[in-house]
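Peer 1: pasting a predicted model and its sequence here:
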There are 2 protein chains.
Amino acid sequence: MHILCKQELLMNSINIALKACSTKTTMPILGCILIKAYDNQVTLVGYNLELGIESTIQVEVIEEGSIVLESKIFSEIIRKMPNEIVELSTDGSQMARIICEDSEFVIAGQAGQQFPELTQVERYKSYTLSQHTFKEMIRQTIFSVAQEESRPILTGEMLQIKDGFFRLVSFDGNRISYRQTPLSTEYETQEVVVPGRTLSELSKILSSDETDMINLYFEEKNILFDLGECKVVSRLLEGQFLKYEHVFSSDYATRIEVDCKKFLMRIERAALISREGKNPIKIKIDGDNMIITSKAELGTAREKLGIELEGNELSIGFNPKFLIEALKSIDDDRICIHFISPLAPCVINPTQGDYYKYLIAPVRMSLTHND
Amino acid sequence: MHILCKQELLMNSINIALKACSTKTTMPILGCILIKAYDNQVTLVGYNLELGIESTIQVEVIEEGSIVLESKIFSEIIRKMPNEIVELSTDGSQMARIICEDSEFVIAGQAGQQFPELTQVERYKSYTLSQHTFKEMIRQTIFSVAQEESRPILTGEMLQIKDGFFRLVSFDGNRISYRQTPLSTEYETQEVVVPGRTLSELSKILSSDETDMINLYFEEKNILFDLGECKVVSRLLEGQFLKYEHVFSSDYATRIEVDCKKFLMRIERAALISREGKNPIKIKIDGDNMIITSKAELGTAREKLGIELEGNELSIGFNPKFLIEALKSIDDDRICIHFISPLAPCVINPTQGDYYKYLIAPVRMSLTHND
């Protein structure tokens, strides 16, 4: 193999493939990057057996071929090079020579054939949406993916195509984050569960440009995200995800409208006293105001915020972290919150439309908690 | 105590006092901030028994008094407040009430009298220099303060007033960093050793404005840095510091001039192969070029850089970290390096003048290290 490539272009491509390299693994080759040169292009591949990423760039290929290099040292060398032409070549002994201006590295590699084959996903039917929208949808739901492995299915997000909508839903046992966007074409219902790590790495690669599109293809056990010059393959999680439709209710006894940023600031402040979320905060909805209080040995916090109330007054307790993460992900100025009772989850919605819903279970307050 | 103060002003002052608060201590009061209100000003004090910082601001004092508050929760509460007037008041039971707009906190404190008295330093003779210069001098020498406590005196920097110069010198057993600036007045010789932690916290407070001055006062065991609205008191280290004058020699067998940034970039790249500095890098001075090489199991690096040579050719080994830290601290485009032999330290100087000197001991190279 022998290629010539501008440093910046190569570095961008390495950074993409790196996101699928394993840092902790008993198989050292999963911490490597495969470099394949053919037809005046180079494909860099990272693959940890769950998630695989291929990034392809146009370069000058003097001799076709492939090599596998340890991703950490390879990326550090290229990162420290000046933004000039990098020459990468190999000889029969699997040593790679990297030359850029007055700098020359020789590092040991492995034969390209040693690298595990990426799972192939049949391109049977594709779903297309804007990369920017998908990136936003991941940001707005990823935080409530379960961190514990006790129920593996909950460490992923449900990706659902139904009724002309594309939806992402996550559930960690205490809260549900739900986000949807309309599809331009009608498809039959599809549901798969994508590992949270796949979505979080994918979101770092997705463009923020509304006009860049992504195509999704899925099979029973695998999904392919095609971004054009970059392809992401991931295994799917198997099992039964939450039947979330039955959990959201349109009934409510109390409905408030409130300024999202002001509500967030007040919850964040009150949370300072709640011993990093160990003590719940209490929200008392009382006429034109909500009073947010928290209490611990070291002191008390009391915050007031104007609201528009429809329905009953109410006192309810929450883990402040759950409210904070949901409120941070919302871009709207004003939001609407529905409550049923102090023992039932609340649901945060837009004041108009239903493109997101955050359901959060309350914490039962002790009777001694005063406000 | 009862005061009114703009949030931003109070926060700045807390951030200064915080730098002397202890995070790990068996005496919880050393993790607190003392707040003293008197004569329409408030002084915030942090003190860990080695380093003490007092920051004074002009505020509206409704009632004089003092209180001691746990620094972490106090700073977090004020940081999260809007930039409006904060009202801080105490009652007889040592509870502090903090009110800002619709937010109200009550936190437990301790009586001001509980806080340890800061060491008083007699203002006998003052040395004046620009805060900016002092800040730069600390940045350019602090990295070679010894990290190990085995020789406590080396965990500080020597602050020397001699021959019309103000100097900072640090020495960790392998390298000396030396930086001087002329004083406008002639003083008698003075030498004290200031703890590295004091200088590194002080440098965060020092202004980058050339016209802001700092006054230094010292006694046998303590030093006072007076920045005007902020005062820093520190104990001095006791013992005999290195007699550095005898170590710097004006003799050399090899003198080179080289581009500082280009040299740094090449050393940083070669260091990638030296297993995080575990293997030395080798520098071969050879006519108009230096060749920098490094070698480990995973591969080799070879870097070339043009130089101006005076004297003998030479091959010498170094721990790359020592060269990198010295070169990073230098602002000059070109530097001069003196060598005596492969077994003697090199000295990095300006091409003109002597306002800095970095002495670095070499590493003996094995004979099998080829280039």
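Peer 2: Structure received.
Peer 1: closest residue of the stretch 1-150 of chain A to chain B?
Peer 2: Across the stretch 1-150 of chain A, the shortest distance to chain B (Cβ to the nearest Cβ) belongs to residue A:107, at 3.4 Å. (Glycine included, C-beta is placed from N, CA and C.)
Peer 1: same thing with the stretch 151-300 of chain A?
Peer 2: At 3.4 Å from chain B, residue A:299 is the closest residue in the stretch 151-300 of chain A, using Cβ to the nearest Cβ.
Peer 1: pull the distance from the helix or strand harbouring the residue of the stretch 1-150 of chain A closest to chain B to the chain's centre.
Peer 2: Using DSSP states H and E, residue A:107 sits within strand A:103-108. In terms of Cα atoms, centre = their mean, to the nearest Å, the centre of strand A:103-108 is set 36 Å apart from its chain centre.
Peer 1: who's the closest spatial neighbour of the residue of the stretch 1-150 of chain A closest to chain B, skipping the chain neighbours?
Peer 2: Residue nearest to residue A:107 in three dimensions, not counting chain neighbours: residue B:299, with 3.4 Å by Cβ to Cβ, 6 or more residues apart in numbering or on different chains.
Peer 1: neighbours around that neighbour, how many?
Peer 2: 22 (other Cβ atoms under 10 Å in any protein chain shown).
Peer 1: isn't it right up against residue A:109?
Peer 2: No. The pair residue B:299 / residue A:109 is not scored as a contact, 9.3 Å apart, by Cβ atoms under 8 Å.
Peer 1: what's the overlap in contacts for the two?
Peer 2: Residues within reach of residue B:299 and of residue A:109 at once, by Cβ atoms under 8 Å, 6 or more residues apart in numbering or on different chains, are residue A:95.
Peer 1: who's in contact with residue A:128?
Peer 2: Counting by Cβ under 8 Å, 6+ apart, the residues that residue A:128 touches are A:184, A:213, A:214, A:215, A:216.
Peer 1: so for the third one, what's the pLDDT?
Peer 2: The score at residue A:214 is 96. That number is its pLDDT.
Peer 1: for the first one, same thing?
Peer 2: Here the pLDDT value assigned to residue A:184 is 84.
Peer 1: tell me the secondary structure at it.
Peer 2: Following DSSP: H, G, I helix; E, B strand; the rest coil, residue A:184 is assigned to coil.
Peer 1: nearest residue to it in space, please, no chain neighbours.
Peer 2: Closest residue to residue A:184 apart from its sequence neighbours, by Cβ to Cβ, 6+ apart: residue A:128 at 7.7 Å.
Peer 1: what's opposite that neighbour in the beta bridge?
Peer 2: residue A:215 (DSSP bridges).
Peer 1: check residue A:3 too.
Peer 2: Counting by DSSP bridges, residue A:3 is bridged to residue A:61, residue A:88.
Peer 1: correct me if wrong: it contacts residue A:89.
Peer 2: Yes. When contacts are counted by Cβ under 8 Å, residue A:3 is listed as touching residue A:89 (7.5 Å).
Peer 1: need the residues touching each of those two.
Peer 2: Counting by Cβ under 8 Å, 6+ apart, the shared contacts of residue A:3 and residue A:89 are residue A:62.
Peer 1: more neighbours, these two?
Peer 2: Using other Cβ under 10 Å, the more surrounded residue of residue A:3 and residue A:89 is residue A:3, with 23 against 18.
Peer 1: residue contacts, that one?
Peer 2: By Cβ under 8 Å, 6+ apart, the residues touching residue A:3 are A:37, A:42, A:59, A:60, A:61, A:62, A:87, A:88, A:89.
Peer 1: and the residues you listed as JSON lines, adding pLDDT?
Peer 2: As requested, the contacts of residue A:3 are arranged in JSON lines below (pLDDT from 0 to 100):
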{"residue": "A:37", "pLDDT": "97"}
{"residue": "A:42", "pLDDT": "98"}
{"residue": "A:59", "pLDDT": "96"}
{"residue": "A:60", "pLDDT": "97"}
{"residue": "A:61", "pLDDT": "97"}
{"residue": "A:62", "pLDDT": "97"}
{"residue": "A:87", "pLDDT": "98"}
{"residue": "A:88", "pLDDT": "98"}
{"residue": "A:89", "pLDDT": "97"}
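Peer 1: going by distance to residue B:357, which of these wins?
Peer 2: Nearest to residue B:357 out of the contacts of residue A:3 is residue A:87 (Cβ to Cβ; 39.5 Å).
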